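*Asks:* Give me the fold of what follows.
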Amino acid sequence: MIQRTMFFCLLALVAALPAHATEDAVQFGSNIHVASGSSVGDAVCFFCSVDAEGTVEGDIVVFFGNVHIAGRAHQDVVSFFGSVRADDNASIGQDLVSFFGSIRLGENVSVGKDMVALFGDVRTPSSVTVGNDRVVQPGWVFWGPLLIVMLAILLVVREYRSYHRRLLLRGYPFPPRL
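*Replies:* Now for the predicted structure:
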């Protein structure tokens, strides 16, 4: 009993402590802001956003939040269920990846290697440079078949309920006797 209580107390303590690493910014539910003229190693954010006006030496990874880059990101930028926006003359050193979100790049933005947008949209001017490949899978490729399957399931459930309602009402006299 004491061991179990000790375990839950330690677990609560670990969950309550903010995540800190040397030169890295890791947050859960609290936005990360890299001021102009400053730098950070990696920026990892869950349920929050990253606003990088300065330099990010490592990777930027965001789950359920947005990424704004006004300065430089030397490594990868990855966003799940959020948007990625880069201001004019910003640069991303390696890959730019967005799942279920949008990518908006300003004038003269450079991406070192690949730019991948899965199930989202991309808006870039012609002055954007991408080192290797651009892969854009539009959202309708995922949402279209999913919508068709959901409508088919809805139709089957509706018809099944209607059939059972007809069976139930078949046994009752109509109109009801008073």
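
*Asks:* How is this protein divided into domains?
*Replies:* Per the record, the chain has its domains at 15-138, 140-178, by automatic domain parsing.

*Asks:* is it true that residue 64 touches residue 99?
*Replies:* No: the pair residue 64 and residue 99 fails to qualify as a contact (Cβ atoms under 8 Å) at a distance of 11.0 Å. To be clear about C-beta, it is placed using only N, CA and C from the backbone, and glycine gets the same treatment.

*Asks:* any common contacting residues for the two?
*Replies:* When Cβ atoms under 8 Å, 6 or more residues apart in numbering defines a contact, the residues bordering residue 64 and residue 99 alike are 80-81.

*Asks:* okay if I get the domains of the chain as JSON lines plus mean neighbour count and mean pLDDT?
*Replies:* Conversion of these to JSON lines gives the following (neighbours: other Cβ atoms under 10 Å; pLDDT from 0 to 100):
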{"stretch": "domain 15-138", "mean neighbour count": "18", "mean pLDDT": "89"}
{"stretch": "domain 140-178", "mean neighbour count": "9", "mean pLDDT": "85"}
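
*Asks:* From residue 165, how far off is residue 172?
*Replies:* Counting by Cβ to Cβ, to the nearest Å, the gap from residue 172 to residue 165 is 11 Å.

*Asks:* Span of stretch 46-61 from start to end?
*Replies:* By Cα to Cα, to the nearest Å, the extent of stretch 46-61 from end to end equals 8 Å.

*Asks:* quick thing: my sequence starts at 58, can you match it?
*Replies:* Right, with 58 as the first residue, what we last looked at is stretch 103-118.

*Asks:* I am finished for the moment; much appreciated.
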